[in-house]
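Colleague: Sharing a model prediction with you, sequence too.
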Amino acid sequence: MSHIIGIDIGTSGIKVGAMNRAGELGFLEYQPYSLLYPKMGWVEIDLEDIWNRTKTLLLKVWQQVEPAGKVDAISLSTFCNSSVFLNKEGEPLYPGLLYLDQRSKAEADWIKKQINEERLFEVTKNRLEPGMYTVTTHLWFKNHHPELYDQTYKWGNLSTFILHKLSGNFVMDWTQSSFTGIYDVENYHWSPELYEKMGIDRDKLPDVVDPCSIIGEYVHPFLSTERIPVIAGAADTACSAAALGIGVNEMFESVGTSNVFTVCTDRPALLDKRFLNRCHIIKNRWLSHGAMSFPGAAIQWFYEQFLKPEGHSKEVLEDLCKQSVPGSRGVFFLPYMQGERAPIWDPNARGVFAGIHLNTTKADMFRAVLEGCAFGLKQINEIIESKYQLHTESYQSIGGGAKNREWAQIKSTVLNKEVQIKDVSETGVLGTCLLAGTVIGYFSSLEKAAMEIRNNTIYTLQPDLSHQTLYNDLYKVFNELYPSLKSFFALSNRQNSETGKKVEEDKAVII
């Protein structure tokens, strides 16, 4: 049977799988990789390492497909977003810079002085934040590495790099270009007004393509002489929306390192400045993401620091919070481990435990982490209800973090919504395969492709009505915590920056 191979590159690992004509996903392979933290506030990826790992997985999956049939197409899903600087041969001139990277604050401030922030939002449908919207890292590279910048043939993101490796062409699909800070999200083109005012050479920008387009062909160096169509694909959350069949005025939750509510709309005028907004795979639809940056990372941090050293397996993440009670015996947690996006947009914010007392247990602190993340998600849902006028009684939840049943139950109760946990954990791989399937004729449309696989709920959770009054009261207290600490975060960040500079200066003197 023929298959499409889907590649999904997340912020911590690479997944490759194959989907047959019936929409069944199989032959899944995975490899983790590490983010690089060369300096405080810097976050990078080794592009060649990621490509080498991707090639290895691609070979493994291809070898499993061949006895059963042939490969009809390859499609790509990647996290969003990153900055890459490539020479004419497509070789990276510098490590990839992630959306978490904060080195371009000065460039972000400069842009805001050159262009009115309201005008920026009118064109891009997004606020400008360092790293998150990659034009700021583009300018940082131009300012700090002018010789390498002169050698740059194309600037893009991780998908630009991988797609060039597969096809030889430099492109970026419109779900990814939406987060560059210079793309006209409503009219689907680079904005001359913005890139010219920022001093960016149009020739360095890749062509923006429809995610459902064939951008070239790939010939595997070992397995086949056949030329395989390469489909542009899309950003991971957009692929997940496609896999879940999310329609206009519907939303879903994705839970990984971050925790995101995504809304689909056909009215760009509704897009909210507190959210991340992008073109959907389907033209004239937009996705609006209420994105908390680090809920999943906060849970992983707690496990790595306090549970794993004691010999606990990850099963403890399901059991530990049961040793506490709803409300965590008065302990609260702010899940802003390295700044936060929605709803506060404060890079200075940090994680906080509040209300600790002499009777506080480890279980109380862990449950407070789960509850704090749920309260943050409720803040995002309130924006969805007020701005988008979208009042849902249930939502679909995907991603590795969605499988934590106790956490999902807390969110169900805090938000007063039914939560449908889906068994398609690899929605990035599946979504990009479905997308490719519509291009090469497996399916008549993306919507019909998604309908064939929608009935995949593992279990459904209902709000625990006995705890709702308590959580409503605690939510009011939670809402007071960040405003009380906002000025502290700013002062603390300033002091830490000055201390960091002094340490670096002292190191330089010693060297």
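Modeller: Yep, that arrived. Residues are numbered from 1 along each chain as shown.

Colleague: Now for W110: which residues touch it?
Modeller: L139 (CB atoms under 8 Å, 6 or more residues apart in numbering). Where C-beta positions appear, they are placed from N, C-alpha and C, glycine not excepted.

Colleague: and whichever strand or helix holds it, what's its mean pLDDT?
Modeller: Using DSSP states H and E, W110 sits in helix 105-114. Along helix 105-114, the predicted local confidence has a mean pLDDT of 96.

Colleague: repeat for stretch 191-203
Modeller: Stretch 191-203 comes out with an average pLDDT of 98.

Colleague: Buried residues of that stretch, list them for me.
Modeller: Buried positions in stretch 191-203, judged by neighbour count with 16 or more other CB atoms under 10 Å: 191, 194-195, 198, 200.

Colleague: swap in stretch 159-166?
Modeller: With the criterion 16+ other CB under 10 Å, stretch 159-166 contains buried residues 159-166.

Colleague: Over to stretch 387-404?
Modeller: By neighbour count on 16+ other CB under 10 Å, the buried set for stretch 387-404 is 387-388, 390, 392, 395-399, 401-404.

Colleague: Quick one: distance of it to the chain centre.
Modeller: Average the C-alpha atoms of stretch 387-404, do the same for its chain, and the two points are 16 Å apart (CA atoms, centre = their mean, to the nearest Å).

Colleague: Let's see it as CSV, backbone CA atoms only.
Modeller: Listed in CSV are the C-alpha atoms of stretch 387-404, where the atom choice follows Å, rounded to 0.1, in the frame of the first residue of the first chain:
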residue,chain,number,x,y,z
LYS,A,387,-13.4,38.8,22.5
TYR,A,388,-14.3,35.9,20.2
GLN,A,389,-17.8,35.4,21.7
LEU,A,390,-17.0,31.7,21.7
HIS,A,391,-18.6,29.8,24.6
THR,A,392,-17.9,26.1,24.4
GLU,A,393,-19.1,23.3,26.7
SER,A,394,-16.3,21.0,25.7
TYR,A,395,-12.9,21.0,23.9
GLN,A,396,-10.5,18.5,22.4
SER,A,397,-7.1,18.1,24.1
ILE,A,398,-3.9,16.8,22.4
GLY,A,399,-0.3,16.4,23.2
GLY,A,400,1.9,14.5,25.7
GLY,A,401,0.7,16.6,28.6
ALA,A,402,-2.9,15.9,27.8
LYS,A,403,-2.4,12.3,29.0
ASN,A,404,-1.9,13.5,32.6
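
Colleague: what does it contact?
Modeller: Contact with stretch 387-404 is made by 240, 244, 246, 249-256, 259, 261, 263, 265, 270, 272, 288, 295-296, 299, 317-318, 370, 384-385, 407-408, 417-422, 424-425, 427, 457, 460, as judged by CB under 8 Å, 6+ apart.

Colleague: swap in stretch 353-373?
Modeller: For stretch 353-373, the surrounding residues in contact (CB under 8 Å, 6+ apart) are 259, 292, 295, 298-299, 302, 306, 317, 320-335, 404, 406-407, 410-411, 414, 471, 474, 478, 481.

Colleague: how does it look with 6 Å?
Modeller: Here stretch 353-373 makes contact (CB atoms under 6 Å, 6 or more residues apart in numbering) with 295, 298, 302, 320-321, 323-324, 328-333, 335, 407, 410.

Colleague: Kindly export that stretch (C-alpha atoms) in CSV.
Modeller: Taking only C-alpha atoms (Å, rounded to 0.1, in the frame of the first residue of the first chain), the coordinates of stretch 353-373 have been written out as CSV:
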residue,chain,number,x,y,z
PHE,A,353,5.3,29.6,44.9
ALA,A,354,3.2,31.6,47.3
GLY,A,355,1.5,30.7,50.5
ILE,A,356,4.0,28.0,51.6
HIS,A,357,3.8,27.3,55.3
LEU,A,358,5.4,24.8,57.8
ASN,A,359,2.8,22.1,57.0
THR,A,360,3.3,22.4,53.2
THR,A,361,4.2,19.1,51.6
LYS,A,362,5.8,18.2,48.3
ALA,A,363,2.4,17.0,47.1
ASP,A,364,0.9,20.4,47.9
MET,A,365,3.5,22.1,45.9
PHE,A,366,3.0,19.8,42.9
ARG,A,367,-0.7,20.1,43.0
ALA,A,368,-0.3,23.9,43.1
VAL,A,369,1.7,23.7,39.9
LEU,A,370,-1.1,21.9,38.2
GLU,A,371,-3.7,24.3,39.6
GLY,A,372,-1.7,27.4,38.7
CYS,A,373,-1.4,26.2,35.1
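
Colleague: Now do the same contact list for A436.
Modeller: Counting by CB under 6 Å, 6+ apart, A436 makes contact with 4, 73, 75, 231.

Colleague: typo on my end, V439
Modeller: With contact set as CB under 6 Å, 6+ apart, V439 has these partners: 212, 231.

Colleague: Wait, a strand at it?
Modeller: No. Secondary structure assignment (DSSP: H, G, I helix; E, B strand; the rest coil) places V439 in helix, not in a strand.

Colleague: Now do it against E193, distance only.
Modeller: The spacing between V439 and E193, counted by CB to CB, to the nearest Å, is 32 Å.

Colleague: just Y99 next, same as before
Modeller: Computed with CB to CB, the distance linking Y99 and E193 is 24 Å.

Colleague: Just the element for E406, please.
Modeller: E406 belongs to helix 405-415 when elements are defined using DSSP H and E.

Colleague: Helix or strand next in line after that helix, which one?
Modeller: Next helix or strand after helix 405-415 toward the C-terminus (DSSP H and E): strand 418-422.

Colleague: So which bits of that following strand are buried?
Modeller: The neighbour-count check on strand 418-422 (16+ other CB under 10 Å) flags 419-422 as buried.

Colleague: For this structure, which element, helix or strand, carries the lowest mean pLDDT?
Modeller: For the chain, using mean pLDDT, DSSP states H and E, the weakest element among its helices and strands is helix 468-510, scoring a mean of 83.

Colleague: so what does it touch, helix or strand wise?
Modeller: Helices and strands touching helix 468-510, as assessed by 3 or more CB pairs under 6 Å, 6 or more residues apart in numbering; DSSP states H and E, comprise strand 332-334.

Colleague: just checking, E193 is part of a helix?
Modeller: Yes. According to three-state DSSP, the state of E193 is that of a helix.

Colleague: Which residue, other than its chain neighbours, is closest to it?
Modeller: Once its chain neighbours are removed from consideration, E193 has its nearest residue in V123; the separation is 6.9 Å (CB to CB, 6 or more residues apart in numbering).

Colleague: pretty sure the one you found contacts P192?
Modeller: No. Counting by CB atoms under 6 Å, V123 does not reach P192; the two are 10.5 Å apart.

Colleague: what residues do the two have in common as contacts?
Modeller: Jointly contacting V123 and P192 under the rule CB under 6 Å, 6+ apart is no residue at all.
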